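Trainee: return atomic coordinates for the entry below.
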Amino acid sequence: MTTFPAGDGASPACSRETGCRARIVFFGTAALLFATTVSITIASCASMATMGAVPMAGGWLLSGIWLPLCGQSWFDTAACFLGMWLAMMVAMMLPSLTPVLWHYRETAFKAGASRPGGLAALAGVGYCTVWTGLGLPVFLVGAALAQIALQFPALSRLGPAASAFVVLMAGLSQFSRWKARRLAGCSASRQQSQTPLDTLAALRAGAALGLRCCLSCAGPMAILIAGGLMDVRLMLCVTLAVTAERLLPPEMRIAPATGAGTSAAGLLLLLRSLG
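Mentor: Have a look, this model is predicted:
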């Protein structure tokens, strides 16, 4: 139960009512943002599907997300990619991020912040800024590889094998100590008792959380990029895996479980591409 400083005149019943209202507003806003970004992501995927893809040597399709459309500049293409990337990342990460931001909000409230919800929102902005920044090198690498594949058919034939190898390595990384340390860091961030009480510190805290999240999600995100960035079903699977490994108890060993399935799938894809 939320408590008020002595002498402020607030009764326990008022405290409960205020806390309940704040919870409804906070999680209602998060739900609305989630629904909006999911809708944008699905619409973006549908739009890309109608534009088709480029058949490549080796029997695979190159998504138009890495290429300028008719009349587009590379700047326009990158801007469109970053917009889709941001909406997709918010939709995928918000289920596991929301409890952390709520903890920030509650800690800031207990510390006497006048606008604890605003600090939590700023932390969310810092978090999303880091993920958006990650989208730029992802696009640059993807666009560069797309151009190489278009210009060198011999290398293009290696596309399916390269994607399968990435999936295999990403699955194996789920068993690593490095992955376990990243998840432990995410768990620690949910339990931290200190929350910044000014704008810049809240943004820094959100950015630090975003950086830890990016590192923790390296394996699942590599699988998504290699398997098809605009594949809604794959996005859903990655979202469920990321949310489960962060929010469920560590003893359930979600990361190794998803790693086992992913490694097996990557190995089968690799054997099929080589065969």
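
Trainee: show me how far stretch 268-275 is from its chain's centre.
Mentor: In terms of C-alpha atoms, centre = their mean, to the nearest Å, the centre of stretch 268-275 is found 29 Å from the chain centre.

Trainee: quick check: which element contains residue 55?
Mentor: Using DSSP states H and E, residue 55 sits in strand 53-56.

Trainee: after that strand, which helix or strand is next?
Mentor: The element immediately downstream of strand 53-56 (helix or strand, assigned by DSSP H and E) is strand 60-63.

Trainee: alpha carbons of that following strand, as PDB, please.
Mentor: C-alpha atoms of strand 60-63 as PDB (Å, rounded to 0.1, in the frame of the first residue of the first chain):
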ATOM      1  CA  TRP A  60      15.800 -16.800 -51.400                       C
ATOM      2  CA  LEU A  61      14.000 -13.500 -51.400                       C
ATOM      3  CA  LEU A  62      15.600 -10.100 -50.600                       C
ATOM      4  CA  SER A  63      13.200  -7.900 -48.600                       C
END
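
Trainee: the helices in the stretch 101-250 of the chain, which residues?
Mentor: Along the stretch 101-250 of the chain, counting by DSSP state H, counting those that start in this stretch, helices occupy 116-151, 153-156, 159-173, 177-191, 199-216, 218-228, 232-247.

Trainee: among those, which is nearest residue 23?
Mentor: helix 116-151 (10.7 Å; C-beta to C-beta). (C-beta placed from N, C-alpha, C; glycine too.)

Trainee: hmm, back to that, can you put the helices of the stretch 101-250 of the chain in TSV and add mean neighbour count and mean pLDDT?
Mentor: Below are these laid out as TSV (neighbours: other C-beta atoms under 10 Å; pLDDT from 0 to 100):
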stretch	mean neighbour count	mean pLDDT
helix 116-151	18	94
helix 153-156	14	90
helix 159-173	20	94
helix 177-191	15	78
helix 199-216	19	91
helix 218-228	21	92
helix 232-247	18	92
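
Trainee: out of these, which comes closest to residue 92?
Mentor: Across the helices of the stretch 101-250 of the chain, residue 92 has its closest neighbour in helix 232-247 (4.5 Å, C-beta to C-beta).

Trainee: tell me what that closest one is packed against?
Mentor: helix 12-51, helix 74-110, helix 177-191, helix 218-228, helix 254-274 (3 or more C-beta pairs under 8 Å, 6 or more residues apart in numbering; DSSP states H and E).

Trainee: how about residue 270, what does it touch?
Mentor: The contact partners of residue 270, taken as C-beta atoms under 8 Å, 6 or more residues apart in numbering, are 161, 164-165, 168.

Trainee: for residue 92, that is, sorry about that
Mentor: Residue 92 sits next to 235, 238-239, 242 when contact means C-beta under 8 Å, 6+ apart.

Trainee: let me know the closest of those to residue 34.
Mentor: Proximity of those to residue 34 (C-beta to C-beta) peaks at residue 239, which lies at 10.5 Å.
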